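# Sequence and predicted model, in that order:
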Amino acid sequence: MPVLNERGYLRRAVETVLAQDVPGPTELVLALGPSTDGTTELAHDLARSDERIILVDNPAADIPIGLNLAIRAGRYATIVRVDAHSELDPTYTRRALATLARVRAANVGGVMRADGRTPFQRAVARAYNSPIGLGGGAYHGGTQEGEAESAYLGVMRRTVLEEVGLFDESIRRGEDWELNLRIRRAGYRVWFDPALAVTYWPRESWTRLVRQFAATGRWRGELVRRFGRGNSLRFFAPPILVLTILVAMAVAVLQLTGAISGWWSIAASVVYVPLIAYAALVIAVALGPGGGRGWRDKLWTAAVLPSMHLAWGWGFVVGVVRGAHDTVDTSRLGTRNTPLP
């Protein structure tokens, strides 16, 4: 578990990991980044209360570096990746181990089941759980078991991880997708099992959400630079939306200034059609059953969906053009998480 500024979530995440019903010895390795909210002190308190908790320092704070440090510090043949923003059902690991053996996969993952406490966080969770929000990847609500492009978190065989070289520490976002690409190219299976589900708590504010998605989009653009069509087509939808908006803005300026008129203006207006359709889709999702019960939930849903898409899409465009370089997810820095009830 890589950890950075997660005081409000860490205790519950650790409790659900230690409560796993596993027929054999287990350990929980926390890779501690330089937190500023008391997370490190809490982690040491938790480690003193349970000898299964092992602490390693991750001064770089980057997730793939922390993951590799934790994996190398571990003793056992199976690696269960967990997140400080997640909670596991007590049977999660046992079921994953059974699936791993049954289908002879190298990595098994399940469904990310996002949840929220506030109207905003619930809106983000609905977007995560909706095919409209994150593009319909299997682990965002899939129901069909089978081979997959990637796996959420993942229950992995150590021998395969060591064979392919662990996580690529030069990739700060999307490191799981890239690892699974190497696993698949090495001839191993990555498997999706919808019977496995992990509760995930999204970002709690609009600014943190936008920063998170902008960084993730930029790194996806970097991955497109590196791996081209190895990336799924669904990743290109948000940047296409951004580019369509830019074209529509340019057309609007030309129309308002009279630079184009008559039939040329009518023909150019076709660029507005997909944007009108997109707006109608967002409104329909917000007002429909998936938009929440109260009016605040529905308003936040209508705001969250385009915020995610546009931040991710603009980050993607910048990443493709300029690369990701040292881009980090600043939504994880300098935060003060409120403990969950």
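Thanks, I have it.

# what are the ranges of the helices in the stretch 51-200 of the chain?
63-73, 92-103, 119-129, 131-134, 158-164, 175-185 (DSSP state H, counting those that start in this stretch).

# now the stretch 201-341 of the chain
All helices of the stretch 201-341 of the chain, identified by DSSP H, counting those that start in this stretch, fall at 206-227, 237-256, 262-268, 272-287, 295-322.

# ok, of the helices of the stretch 51-200 of the chain, where does mean pLDDT dip lowest?
Here the helices of the stretch 51-200 of the chain differ in mean pLDDT, and the lowest is helix 131-134 at a mean of 80.

# With just CA atoms, put that one into PDB.
C-alpha atoms of helix 131-134 as PDB (Å, rounded to 0.1, in the frame of the first residue of the first chain):
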ATOM      1  CA  PRO A 131     -19.700   4.000 -18.300                       C
ATOM      2  CA  ILE A 132     -20.300   7.600 -19.200                       C
ATOM      3  CA  GLY A 133     -17.900   8.800 -16.600                       C
ATOM      4  CA  LEU A 134     -14.700   6.700 -17.200                       C
END
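
# Pull the residues that contact that helix.
Arg126, Ala127, Tyr128, His140, Gly141, Leu281, Val282, Val285, Leu305, Met308 (CB atoms under 8 Å, 6 or more residues apart in numbering). Quick note: C-beta positions are derived from backbone N, CA and C, even for glycine.

# Tell me the buried residues in that helix?
Neighbour-count burial for helix 131-134 flags Ile132, Gly133, Leu134 (criterion: 16 or more other CB atoms under 10 Å).

# so where's the stretch 151-300 of the chain shaky on pLDDT?
Within the stretch 151-300 of the chain, the segments meeting pLDDT under 70 span 290-291.

# ok, now with 90
For the stretch 151-300 of the chain, the stretches flagged by pLDDT under 90 are 204, 228-235, 285-298.

# now Arg296: how far from His309?
Distance, Arg296 to His309, using CB to CB, to the nearest Å: 21 Å.

# more crowded one of those two?
Between Arg296 and His309, counted using other CB atoms under 10 Å, His309 has the larger neighbour count: 24 against 14.

# Hmm, Pro239 and that one touching each other?
No - using CB atoms under 8 Å, His309 makes no contact with Pro239, being 9.6 Å away.

# returning to that earlier point: just the closest of the contacts of helix 131-134 to Val270, please.
Taking CB to CB as the measure, Val270 lies nearest Leu281 of these, at 18.0 Å.

# Quick one: neighbours of that closest one, just the number.
12.

# ok, now Pro119?
Residues near Pro119, counting by other CB under 10 Å, number 17.

# any idea how far the residue nearest to it when sequence neighbours are not counted lies from Ala13?
Residue nearest to Pro119 in three dimensions, not counting chain neighbours: Arg296, with 4.2 Å by CB to CB, 6 or more residues apart in numbering. As judged by CB to CB, Arg296 and Ala13 stand 27 Å apart.

# OK, contacts around Glu175?
With CB under 8 Å, 6+ apart, Glu175 has these contacts: Ile63, Pro64, Leu67, Phe167, Asp168.

# wait, what's in contact with Leu153?
Contacts of Leu153 (CB under 8 Å, 6+ apart): Val80, Arg81, Val82, Asp83, Ser86, Gly109, Asp176, Val198.

# Buried among those? Make that a PyMOL selection.
The PyMOL command for the buried members of the contacts of Leu153 (criterion: 16+ other CB under 10 Å) is given here:
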select buried, resi 80+81+82+83+86+109+176+198
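
# just the contacts of Leu153 now: which is nearest Asp45?
Closest to Asp45, out of all of those and judged by CB to CB, is Val82, at 18.8 Å.

# show me the contacts for that closest one.
Met1, Ala13, Val17, Leu28, Leu88, Leu153.

# Pull the number of nearby residues for the fifth one.
The one in question is Leu88. By other CB under 10 Å, neighbour count at Leu88 equals 23.

# Tell me the pLDDT of the closest residue in space to it that isn't next to it in sequence.
Excluding the flanking residues, the one nearest Leu88 by CB to CB, 6+ apart is Thr16, at 4.5 Å. Thr16 is assigned 96 on the pLDDT scale.

# Ala84 is in contact with Thr16, correct?
No - using CB under 8 Å, Thr16 is not in contact with Ala84; the gap is 11.1 Å.

# More neighbours: the two, which one.
Comparing Thr16 with Ala84 by other CB under 10 Å, the one with more neighbours is Ala84, at 24 against 18.

# The more buried one against Leu10, yeah?
Yes - if you go by CB under 8 Å, Ala84 and Leu10 touch, sitting 5.3 Å apart.
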